[in-house]
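Chemist: this one's structure only:
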């Protein structure tokens, strides 16, 4: 039997919290205090599936995106800053660290979510709600072209011209939306 605040009038709840002084931990407190890389690394994929199902079950406040237009993270859910996304290589990243849903190719070059979570409907639906998606042409530009310029790499004139042509081509393509 799960003991929750909803059945806190039960004798068992009273005994555990009042007689044994076992604290009640809220979902918010659990996420703030326990979701470290060390803690999550020890959990198996089935635990993550149950955790994703828990978060998907009307716990939006824990994982909502930042709604503040000024970019402050004060309104973002606590798990946005926690490494709750398990990648195919078992690395853990936060939801906003550029993880993608698998593309179907074995080596896409992107950080992709472990396939077992995509195969599990509840986990997959949660990951979609969280904002994860398959990489598109704009993501490819960011990863393969624009990164060269932010990393101050040595770029030849020919490479620069090819990059400009690729950027123009992607911007003119039909699958680029205003959000990208």
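Modeler: Received, thanks. None of the values given here were measured: they were computed from a predicted structure.

Chemist: now do the helices in the protein.
Modeler: 11-14, 27-34, 37-41, 45-56, 60-63, 115-119, 121-130, 137-141, 147-150, 157-172 (DSSP state H).

Chemist: let's have those helices in a markdown table, adding mean neighbour count, distance to residue 93 and mean pLDDT.
Modeler: To be clear about C-beta, it is placed using only N, CA and C from the backbone, and glycine gets the same treatment. Shown next, in a markdown table, are the helices of the chain (neighbours: other Cβ atoms under 10 Å; distance: least, Cβ to Cβ, whole Å; pLDDT from 0 to 100):
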| stretch | mean neighbour count | distance to residue 93 | mean pLDDT |
| --- | --- | --- | --- |
| helix 11-14 | 12 | 37 | 81 |
| helix 27-34 | 14 | 16 | 87 |
| helix 37-41 | 13 | 10 | 95 |
| helix 45-56 | 16 | 13 | 93 |
| helix 60-63 | 16 | 14 | 75 |
| helix 115-119 | 16 | 13 | 95 |
| helix 121-130 | 17 | 12 | 93 |
| helix 137-141 | 17 | 15 | 70 |
| helix 147-150 | 11 | 17 | 73 |
| helix 157-172 | 12 | 25 | 79 |
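
Chemist: right, and the ones you listed - which one's nearest residue 82?
Modeler: Of all the helices of the chain, helix 27-34 sits nearest to residue 82, with 6.5 Å by Cβ to Cβ.

Chemist: just checking, what packs against that closest one?
Modeler: Applying 3 or more Cβ pairs under 8 Å, 6 or more residues apart in numbering; DSSP states H and E, we find helix 27-34 packed against helix 60-63.

Chemist: list of residues touching the helix it packs on?
Modeler: Here helix 60-63 makes contact (Cβ atoms under 8 Å, 6 or more residues apart in numbering) with 27-28, 31, 55, 77-80, 95, 129-130.

Chemist: picking that back up, got the helices of the chain as JSON lines, with distance to residue 100 columns?
Modeler: Formatted as JSON lines, the helices of the chain follow (distance: least, Cβ to Cβ, whole Å):
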{"stretch": "helix 11-14", "distance to residue 100": "42"}
{"stretch": "helix 27-34", "distance to residue 100": "23"}
{"stretch": "helix 37-41", "distance to residue 100": "19"}
{"stretch": "helix 45-56", "distance to residue 100": "16"}
{"stretch": "helix 60-63", "distance to residue 100": "17"}
{"stretch": "helix 115-119", "distance to residue 100": "11"}
{"stretch": "helix 121-130", "distance to residue 100": "10"}
{"stretch": "helix 137-141", "distance to residue 100": "7"}
{"stretch": "helix 147-150", "distance to residue 100": "15"}
{"stretch": "helix 157-172", "distance to residue 100": "17"}
